[in-house]
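Undergrad: Make a model of this:
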Amino acid sequence: MANGDRVVEELVAENGRLRAENVELHNLVAELKSRVADLEGQRGRTSKTSSTPPSRDPNTAREEAKLNRAARRAAGRRQGKQPGSEGRHLSQVAGVDRRVVYRPAVCGGCGGDLAGARVVDFETRQVFDLPPHHSGGHRARRAALGVPVRLCFRRGVPG
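TA: I've put the predicted structure just below:
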């Protein structure tokens, strides 16, 4: 019976080794399933569906974008507002709440004094501040000294 006890001990040891290997393989399978799920999620990400830049798109997405672009061009329609459709814009209001006039002291081109210079043009821009609902007009004078003058509005005035 000593031989039978030895066989039983070997089988018990092998069973323990196989159980440990089985646990290790189950953990590996779970890790690989997680990795496959992550990779499948990344596969569908392009610059259109995530914040990644277009340079990170796979080649298939780039080819698809080229085909879409070619189809749009073939359709004869340009991007943006189509000719003949009604335009929409934010019109300037006639009565503004406050008006700011910019009077440059010196010429931006030659540095000459603009105090007595003849005003040849005005450029007007309008700013809408929310809330409270105010509209403001910003106007810059363009004086003539023979040099084109670049108008300088304060920061935050669009244009």
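Undergrad: Show me how the record splits the chain into domains.
TA: Per automatic domain parsing, the structural domains of the chain span 2-74, 98-143.
Undergrad: Tabulate these in CSV, adding columns for mean neighbour count, distance to residue 92 and mean pLDDT.
TA: Every residue, glycine included, has its C-beta placed from N, CA and C. Output for these, formatted as CSV (neighbours: other CB atoms under 10 Å; distance: least, CB to CB, whole Å; pLDDT from 0 to 100):
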stretch, mean neighbour count, distance to residue 92, mean pLDDT
domain 2-74, 10, 34, 86
domain 98-143, 13, 5, 73
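Undergrad: Mind checking these for the one nearest to residue 91?
TA: Relative to residue 91, the nearest member of the domains of the chain by CB to CB is domain 98-143, separated by 9.1 Å.
Undergrad: Tabulate the domains of the chain in JSON lines, adding columns for distance to residue 81.
TA: Below are the domains of the chain laid out as JSON lines (distance: least, CB to CB, whole Å):
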{"stretch": "domain 2-74", "distance to residue 81": "15"}
{"stretch": "domain 98-143", "distance to residue 81": "22"}
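Undergrad: quick one: the residue nearest to the spatial centre of the chain and residue 45, what's the gap?
TA: The residue lying closest to the centre of the chain (CA atoms, centre = their mean) is residue 51, at 7.9 Å. Distance, residue 51 to residue 45, by CB to CB, to the nearest Å: 9 Å.
Undergrad: repeat for residue 15
TA: 46 Å.
Undergrad: One more: residue 113?
TA: For residue 113 relative to residue 45 (CB to CB), the value is 61 Å.
Undergrad: Quick one: the strands in this structure, in order.
TA: Using DSSP state E, the strands found in the chain span residues 98-102, 119-129, 134-143.
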